[in-house]
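*Asks:* pasting the sequence and the predicted coordinates here, then a few questions.
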Amino acid sequence: MDEVWEDLSNIPADPPEMRELCKDCKRPAVVCWCSGLPPERLKPQSTIILLQHPAEEKRCLRTAPMLQLGLADNKCLIYKGKKFPQPRHEALENILNQPNTVLLYPSKTAIDIRALESNNESYNIVLIDGTWPQAKAIYASSPILHKIKQVKLITSSTSSYIIRTQPTEGCLSTLETAAEALSQLENDPKYREQLVQPLHVLCQYQLDNGAVTHQSKEFLIKTKTYPKLIGKRLSKLLQSTNDCILKETMNKH
């Protein structure tokens, strides 16, 4: 018994020393991706507005902070919640009601973002940050979003977020979606090229330390290597994506 008390008395009262954190990305210095950030924070005409599901903030490999640090102050605004706007979301309702606000959401009425007037015009580009089911739930519970002009991305880009499983081959991370949207809207490839570099740094570190590349669920299903049964929701999403790709291909010809 005396030995037990002696052992307990030797436990330090202070908490163990934590790993040094980067002052910018708040990640442990050894896994910091800030070396991939643009040399100077980019200043687009338009502003990215992220409506972020609370669960997304808890992910250790999320990309929203990369976007926020890659863009100039007030060019990436993040609001958290499961429905929008709420009283705590300062100025958000005013932003969502502005005529130059657009919602990047793949609805049937969404138009190509490149069809927007881009001559000296700035837009508030609203993105829902979360998984596809979370994004659909946020959209359904936020009637104000239904009134906003909706736009979509038409791109052949594939995700560089290879350490995370995407639903379909055409899915992009929040960072990549915003970067592609800014590049198309402002007709400047630097947003696509520079904003995603921290993601490359992150993925390379993970791969160097035992992570493996992930194929999309769509790829795994097509190759009959997906380990689970396909639910109706995923099946419908895959079919919708394939129909969209087929339609765009036919329009090009």
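*Replies:* It's in.

*Asks:* make it CA atoms for all contacts and neighbour counts henceforth
*Replies:* OK.

*Asks:* Q184 belongs to a helix?
*Replies:* Yes: under DSSP: H, G, I helix; E, B strand; the rest coil, Q184 sits within a helix.

*Asks:* my read is that it contacts R114, right?
*Replies:* Yes: using Cα atoms under 8 Å, Q184 is in contact with R114, at 6.1 Å.

*Asks:* compare these two (neighbour count), which wins?
*Replies:* Set side by side, Q184 and R114 show more neighbours around Q184, with 21 against 17, by other Cα atoms under 10 Å.

*Asks:* would you agree L96 is in contact with I148?
*Replies:* Yes: counting by Cα under 8 Å, L96 touches I148, with 7.4 Å between them.

*Asks:* of the two, who's got more company?
*Replies:* Under the criterion of other Cα under 10 Å, the comparison of L96 against I148 puts L96 first, with 22 against 18.

*Asks:* any idea how far the nearest residue to E56 once chain neighbours are set aside lies from S173?
*Replies:* In space, and not counting its chain neighbours, E56 is closest to G130: 5.8 Å by Cα to Cα, 6 or more residues apart in numbering. Separation of G130 from S173 (Cα to Cα, to the nearest Å): 9 Å.

*Asks:* ok, F84 next?
*Replies:* 21 Å.

*Asks:* ok, E20 next?
*Replies:* Counting by Cα to Cα, the gap from E20 to S173 is 28 Å.

*Asks:* next: P87.
*Replies:* Using Cα to Cα, one obtains 28 Å as the distance from P87 to S173.
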